[in-house]
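**Student:** sequence isn't available, so here's the structure alone:
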């Protein structure tokens, strides 16, 4: 633990990059222990890292029953507050709904982190990782040594956790064929129209 406290973030390395570096460090440490114990084989010398398209995860969640239930709950609370003449609560709820809409758009159209979404299924991630044989699940591997790291796309596994319907699966498939929009462009969108 002490060596991690002494570690400093390299200049230019963002949060996602730091997570990737940390995941590779953990996986490399596990591989080193396997080698020391004599249980590593040439076939297992490559660390398998699961990566995903964060936009697909955001779309799967954004069209899920859980998310739509939250939106409907906010709408109903807003209607009740407005009906009761509680403008302060109505304004607060309207701002909360706008922030929620902005966040899901930044995540679904660009590449904003989806850690808040994955937190909703965090208890299911270890089983997914074990089933796919990956040492970590990260949004991307900004750099990897292909001789030591095998990247496994777990996007479909993650989106399945939100039980997407057929239409959502089609939207996700179309999305995967397009590059993410620049985050600044998404931030300037009129989110009330989307």
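**Tutor:** Nice, thanks for sending it over. Keep in mind it's a predicted model, so treat the numbers as computed, not measured.
**Student:** what about the residue nearest in space to the middle of the chain, distance to residue 87?
**Tutor:** Taking C-alpha atoms, centre = their mean, the centroid of the chain lies closest to residue 114, which sits 3.3 Å from it. Per C-beta to C-beta, to the nearest Å, residue 114 is found 34 Å from residue 87. Where you see a C-beta, it was placed from the backbone N, CA and C, and this is true even at glycine.
**Student:** same check, this time on residue 175
**Tutor:** Distance, residue 175 to residue 87, using C-beta to C-beta: 39 Å.
**Student:** which one of these two has more residues nearby?
**Tutor:** Between residue 175 and residue 87, counted using other C-beta atoms under 10 Å, the more crowded position is residue 175 (16 against 10).
**Student:** so which residues of the protein form strands?
**Tutor:** 47-51, 136-138, 149-153 (DSSP state E).
**Student:** what mean pLDDT does the second one get?
**Tutor:** Within the predicted structure, the mean pLDDT of strand 136-138 is 95.
**Student:** so which elements touch it?
**Tutor:** Applying 3 or more C-beta pairs under 8 Å, 6 or more residues apart in numbering; DSSP states H and E, one finds that strand 136-138 contacts helix 15-37, strand 47-51, helix 125-132.
**Student:** relative to the whole chain's centre, how far out is that strand?
**Tutor:** On the basis of C-alpha atoms, centre = their mean, to the nearest Å, strand 136-138 sits 10 Å off its chain's mean C-alpha point.
**Student:** that strand pairs with which strands, and in what direction?
**Tutor:** Using DSSP bridges, the strands paired with strand 136-138 are strand 47-51 (parallel).
**Student:** what angle do the strand it pairs with and helix 125-132 make?
**Tutor:** Inter-element angle recorded for strand 47-51 and helix 125-132: 120 degrees (by axes from the mean of the first three to the mean of the last three C-alpha atoms, to 10 degrees).
**Student:** residues of strand 47-51 that come out buried?
**Tutor:** Buried residues in strand 47-51, counted by 16 or more other C-beta atoms under 10 Å: 47-51.
**Student:** from the chain's centre, how far out does that strand sit?
**Tutor:** Using C-alpha atoms, centre = their mean, the offset of strand 47-51 from its chain centre is 15 Å.
**Student:** average model confidence for it?
**Tutor:** Strand 47-51 carries an average pLDDT of 96.
**Student:** low-confidence stretches in this protein?
**Tutor:** Counting by pLDDT under 70, the chain shows low-confidence ranges at 1-44, 191-194.
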